[in-house]
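# predicted model and sequence below, questions to follow.
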Amino acid sequence: MLKEEKRFVEIDSKYVPRVKVKDRVWKIDAEGMYYKDLNSLLRDMCNKGAEKILIRNVCGQRYIGTDLNAEVEIDIHGTPGNDMGAFMSGPLITVHGNAQDGCGNTMNDGKIVVHGQAGDLTGHSMRGGQIFVRDDVGYRVGIHMKEYKRKIPDIVIGGAAGDFLAEYMAGGVVVVLGLTLGECERCKARFVGTGMHGGVIYERGDILEVGKGTKLMKVGKRDMQVIERLVKEYCERFSADYEIIMNAKFHKIVPVSKRPYSKLYSN
C-alpha cells in the first residue's frame, strides 16, 4: 500500500498533505476543498481500487459520490452538500452528521446511511438501493420513486417527514417510524402520497395524515416481513432497540388508483 500511496501522490501532488493510506483505508482531509476537486479525488481513488475511503472535515461540498459505480465504502464526517450519492450504483455511503437536500437523487443501487437528519428531496426519483436516516427528513422525500421487476428501492425514516412525502410515488417502500415524535404526537406532514400511483408507505402507529387519492390499510404477513427486515437493519445501523420499535402497530398507505390524474386529460 505504501507503493500505491506514492504513485497516487505523484499523480495528484497538490493533495499530498490531504491524502493518507493506512490499514487499506484511504483518508482525505476535505477542509476548504473545492467540491469538484474532492469528487475528482474520489473518482481517482475508486479507479485505483480503493475499498474504503474516509473523508473528514466535510462542509457543504456537493455531489459527493455522484455517479460512482464501484463497490466502495465512503465514510463522511461532517455535513455533505446537495445531491450526495446522486445517480450512484454500488457504494455504501455513511454520513456521521446531517445530509443536505437531494441525498440519493435518482440513485440506481447502493446504500446511504445518515446518522442525523436529511434535507428535502431525499431519494428523489430513486430507482434502486436503500436510504436509512436516523432522525427527521425534509419535504418531498421519496418523490417519483419507482421500481422495476425485482429492483425495489427503500427509504427508512427514523423520525418525522415534511410535506409531500412520497409525492407521485410509482414504486418502492417508504417506512416512517416517528421515533423523534412525542407521545401521541403526529407527524405534521401534509399531502402525504399526493399523486401516488404505486409503491407503499408504512407508518409506525397512527402518525401520518393520509393524503387525497390514498387509503390506509392493515398490514399483512408479507408487509410485516418487509417491515421487520428494514427495521432490523435500521436498528443495526443506529444501535436502536428492535423490540421497542416493533412493539407498535403498523399501517400501510397505498394509492387508490394507478392513474390518479386520468380524468384531468381528454382524448
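On my side now, so go ahead. Numbering: from 1, shown residues only.

# residue 153 contacts residue 125, doesn't it?
No: counting by Cβ atoms under 8 Å, residue 153 stays clear of residue 125, with 9.6 Å between them. C-betas here are computed from N, CA, C, even on glycine.

# beta-bridge partners for residue 251, please?
Residues in a beta bridge with residue 251, per DSSP bridges, are residue 203, residue 218.

# and it, what does it touch?
Residue 251 makes contacts with 202-203, 206, 216-219, as judged by Cβ atoms under 8 Å, 6 or more residues apart in numbering.

# re earlier: residue 153 and residue 125: who's more crowded?
The residue with more neighbours, out of residue 153 and residue 125, is residue 153; 26 against 19, by other Cβ atoms under 10 Å.

# all strands for the chain, in order.
Using DSSP state E, the strands of the chain run over 19-22, 25-29, 52-59, 73-79, 89-96, 109-114, 130-133, 154-157, 170-176, 198-204, 214-218, 250-255.

# turn the ones you listed into CSV, including mean pLDDT and distance to residue 230.
Formatted as CSV, the strands of the chain follow (pLDDT from 0 to 100; distance: least, Cβ to Cβ, whole Å):
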stretch, mean pLDDT, distance to residue 230
strand 19-22, 73, 34
strand 25-29, 91, 29
strand 52-59, 96, 25
strand 73-79, 97, 20
strand 89-96, 96, 16
strand 109-114, 97, 12
strand 130-133, 98, 8
strand 154-157, 98, 5
strand 170-176, 97, 5
strand 198-204, 97, 8
strand 214-218, 95, 18
strand 250-255, 96, 11
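
# the ones you listed: which one's closest to residue 67?
strand 89-96 (8.1 Å; Cβ to Cβ).

# which of the residues in that closest one are buried?
89-95 (16 or more other Cβ atoms under 10 Å).

# direction included, what does it pair against?
Per DSSP bridges, strand 89-96 is paired in its sheet with strand 73-79 (parallel), strand 109-114 (parallel).
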